[in-house]
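Asker: Dropping a prediction and its sequence here:
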Amino acid sequence: MIPRFTAPLLPELMLSIGGTILMLVAAFTGRRGTALVSWLSVLLLLGATVALIGPPSHTGPVFDGMVSADLFASFGKAIMFPAAAVAIIAAHGWFERGTEHASEYAVLIVFAAAGMSVMVSATSLVALYVGLELNSLAGYVLASYRRSDERSAEAGLKYFVLGALASGILLYGISLLYGFTGTMSFTGIAAAFGRGAPSLGLLFGLVFVLAGLAFKASAVPFHMWTPDVYEGAPTPVTTFFASAPKVAAVLLATRLCVEGLGPATDAWRQIVIFAALASIFLGAIAAYGQTNIKRLLAYSSINNVGFAMIGLAAGGARGASAVLFYMAVYVVMTVGAFLCVLWMRDTEGRPIESIESLSGLAQTRPAFAAAFAIFMFSLAGIPPLFGFWPKLVVFNAAVASGYVALAVAGILGTVIGAYYYLKIVKVMYMDEPAAPYGRVRQPVQGLLILVSALLVSPLGYLLIGPLGSLSDKAAGSLF
Amino acid sequence: MSGLPWLTLLIAVPFIAGVLCLFVSASGARWLALIGTLLDLAISIYLWVAYNPDAAQWQFVEKYPLGGGVNWALGIDGIALVLIVLTAFLMPICIGASWRSIEKRVAEYMAYFLLMEALIMGAFSAQDLFLFYIFFEGGLIPMYLIIGIWGGIERIKASYKFFLYTLFGSVLMLIAMIYMAGTAHTTSIPALMAYDFPKQVQTFLFLAFLASFAVKLPMWPVHTWLPDAHVQAPTAGSVILAGVLLKLGGYGFIRFSLPMFPEGSAQFIPLMFVLSGVAVVYTSLVALVQRDMKKLIAYSSVAHMAFVTFGLFAMNTQGIEGAMMVMLGHGLVSGALFLCVGVVYDRLHTREIDRYGGLSDNMPGYALLFMIFTMASVGLPGLSNFPGEFLSSVGTYRASSWAAIVATTGIILGAAYMLWLYWRICFGTQRNADAAAMPDLSLREWWLLGPIALAVVWMGVYPESFMRPFHNDVARLVARLDRVAPAGDSHLTLGHMNMGAMH
């Protein structure tokens, strides 16, 4: 019998307790237990997703308003937990060739998921920081997971140093907000902002906090770490970084802006608009010269966060709903694209990351190329693929709030960005075949690629109704 | 009318056939594609027969909500109907034209063609704003792949140019659509066609849609993607590009720009006439100096499409019906001309005009059909382009006599470059031994060109059977445009003909 007060926190409890137990299992079984631990972690994450049904999504504030178990948080968790599970599955067969203890990888992801879970539920600055750090610490370790590999170690170090700096900025902002309002809770801060024009200290606090969050979401101008870390980290880890933590950061920023900084909308909106447009254009232009597919996808993720932030800038329940919708589809496209990258191996199973190696893939591996092309066209937002729809939803929100110029600027960004997605398709479909890839015998990963490709194919349009009403309801719980 | 969802079938048949193509062998894909397109042709002929021009404006209406405010809403009026029939007619011919000339990755090729047909059919029959956009834009992907994979030497550049140009034009339209849906609280195209947007807003909306349709049609000066795309695309790709995809631009003007923004359109009539006038004269002159057959025909397409914009923005019955007929006639004739280029290209693998000459000696059948299509393109009475060009000129004259003068010079220049092209290829001495040794049309090629030739004659002799479906729709459009239509400077008055005295 579960005590009543824990019911709203069931997913978090499952993840932290289950994660701790799995860590012990991993420690005692060593390399032998890799498969066991990772499958149990997947089960744990899926179980936590199922546990979202009921009190965790309808209770509202718990722990005196530290966190909120509402539909908004649950929507985020329902995206992030499966994405984290996919990141675990993505690592199957990846670390075996190295010397690392592969089993801790899954446990770290579970802990990171617990952190993200706190992030999206947080309604006070303390919970925000605790969740964010729990997620980040797991992330630093994951980035350098292949510690014998120079690039991976470099990625981990870079991520850690810059991440620590961002945390420092965030903490400074939190201390300013706390100092000038005397409260840590979002509603208290909102009340303080509501009392006339905000003081300079409050504004500084707001800017610093948003800067810290922008770092986690890798929005321009705090994106510098992203390409290096994405390139250096082992591909399954990159799969994870590009999906779930990004959702957590964007959703956290959304909740903070709406619940905590709502009365100061005019103050943060210009920051968000700048970050959105800068991310879209930098993400689109900087990707041009890339030769490494992971680096290119890093810029693509920067670009995509920009579009999600257009929804945030639009404001209101409609804007927040657009953010949720965008992130849900974004995760599917990104995870699918990275799973494809994961399958780029030479005949001996070593990973290849150059875009050139994709040459003529449509002739050597037609199904693989088709899936990859679907993800690329979808990320570019070209109809009839489903990636078009979330872009339409955010632009719709922007136009409805009167930000037509913002929508026009954003949509011109999609045309610029379309070029490099097209380039990948061109390499796969129009170039002469390069040396063929080796076969990857991972049926579960293959199935995941298939499912995500189908989800973002025109079949995805059947999901507009349910996903749209769900994100509307989830966004409504913020207001 | 039976309860079958005919328009959904029209889209689903090529789509399903296209997906199946990916899983079969090369020859299986060829037959599957041919059967799929013929089946679609049969459906479209049924639509043509079952369509009642005097009944409701929108027929074969279907509507299923997809959620999120989007509906799978299909329905056609006469304008859409004839364009659907044109598409369905050209598609099996395209498949036939690719039967032998495409040798690598046949299954993929056929799949992309069928997917494109599904998307084009969808664009013509969509009754929901966003559904239209999805179909309209979706057509870019298969065409991009067709040009990029099976095209000529410069295919990569051409495919990028095609894709990014058209995408750039379309995204502005998307923003306008979002705005319209938000303002009018509906995404239904028939409802929006009767909705009056504020005048100032119409200006911007018109410009946003113009950005898309002008690129697609294409109008001067945003036509530069077209010659590249045509020259590099495989024969069937050019046929479908010229025959059908360009018509999406003209269709867009008729369906969106004119009825939805009458004031906005009227405001830009001078601009449209100037752009069309420049296109007619300039691109005709450019066509005159081309050495590459496909490029010449590509430029002639731009000139012919200018007749469409002339006719549409004259905003009277003759002009708009003429524009429709130009689109239909040009769809047949330019498609056939590209096929004619394809016929000799398959034999000699060059499109250089100078490499041919005197083909009427060794290829009499080819010379005959090529002559029919050349004459049709020139606008000879009795062939398909005459009714359209004549009506469109009459309509233009009623709106502005200066515009009509410029437009008609285009017909003269058109005669010049087409006749000179024909002369250089089919007449004269046989300078090149290899060209002189080419065999005449094969049976397959007769089957490709013959039906088009018949249709060209039919359309020229009895255009009414093609115009009948859209008379009422054009009348509705003209009624809507009545308040803004240009008065014109020609001061036409109806003569009093004594009908009794003629008997």
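Answerer: That came in fine, so what should we check first?
Asker: which one is residue 217 nearest to, not counting chain neighbours?
Answerer: All of this is about chain A. Once its chain neighbours are removed from consideration, A:Ala217 has its nearest residue in A:Ala249; the separation is 3.9 Å (CB to CB, 6 or more residues apart in numbering or on different chains). For the C-beta atoms, the positions are set from N, CA and C on the backbone; glycine is no exception.
Asker: my bad, the chain I had in mind was chain B
Answerer: In space, B:Leu217 is closest to B:Gly249, 3.2 Å off (CB to CB, 6+ apart).
Asker: can you pull the contacts of that neighbour?
Answerer: By CB atoms under 8 Å, 6 or more residues apart in numbering or on different chains, B:Gly249 lies in contact with B:212-218, B:305.
Asker: Buried only: go through these for me.
Answerer: The neighbour-count criterion (16 or more other CB atoms under 10 Å in any protein chain shown) marks B:212-218, B:305 among the contacts of B:Gly249 as buried.
Asker: wait, which of those residues is closest to B:Pro259?
Answerer: Within these, distances to B:Pro259 taken as CB to CB reach their minimum at B:Phe213, with 13.6 Å.
Asker: Okay, strands next: where are they in the chain?
Answerer: I'll assume chain A. Counting by DSSP state E, chain A forms strands over residues A:60-62, A:67-69, given from the N-terminal end onward.
Asker: please go with chain B instead
Answerer: Taking DSSP E, the strands of chain B run over residues B:59-67, B:70-76.
Asker: Any chance of those in a markdown table with mean pLDDT, mean neighbour count and distance to B:Phe163 as columns?
Answerer: Below are those laid out as a markdown table (pLDDT from 0 to 100; neighbours: other CB atoms under 10 Å in any protein chain shown; distance: least, CB to CB, whole Å):
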| stretch | mean pLDDT | mean neighbour count | distance to B:Phe163 |
| --- | --- | --- | --- |
| strand B:59-67 | 82 | 16 | 26 |
| strand B:70-76 | 86 | 22 | 25 |
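Asker: and of the ones you listed, who's closest to chain A?
Answerer: Distance to chain A, taken as CB to the nearest CB, is lowest for strand B:59-67 among the strands of chain B, at 2.0 Å.
Asker: how about the closest one, does it get close to chain A?
Answerer: Yes: in terms of CB under 8 Å from any CB of the partner chain, part of strand B:59-67 sits within range of chain A, namely B:65-67.
Asker: ok, so what distance separates A:Leu282 from B:Ile175?
Answerer: In this structure, A:Leu282 lies at 22 Å from B:Ile175, with CB to CB, to the nearest Å as the measure.
Asker: picking up where we left off before, pick out the most distant pair among the buried ones among the contacts of B:Gly249.
Answerer: Distance extremes for the buried ones among the contacts of B:Gly249: the farthest pair is B:Ser212 and B:Met305 at 14.6 Å, using CB to CB.
Asker: Show me what the least confident helix or strand in chain B by mean pLDDT is in contact with.
Answerer: Taking mean pLDDT, DSSP states H and E as the measure, helix B:433-436 is the helix or strand of chain B with the lowest mean score, a mean of 78. Here helix B:433-436 makes contact (CB under 8 Å, 6+ apart) with B:344, B:348, B:355-359, B:361-362, B:430.
Asker: how about those in TSV, adding pLDDT and distance to chain A?
Answerer: Formatted as TSV, those follow (pLDDT from 0 to 100; distance: CB to the nearest CB, whole Å):
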residue	pLDDT	distance to chain A
B:Val344	87	26
B:Leu348	84	25
B:Arg355	82	28
B:Tyr356	83	30
B:Gly357	80	35
B:Gly358	80	38
B:Leu359	82	34
B:Asp361	82	40
B:Asn362	86	37
B:Gln430	76	38
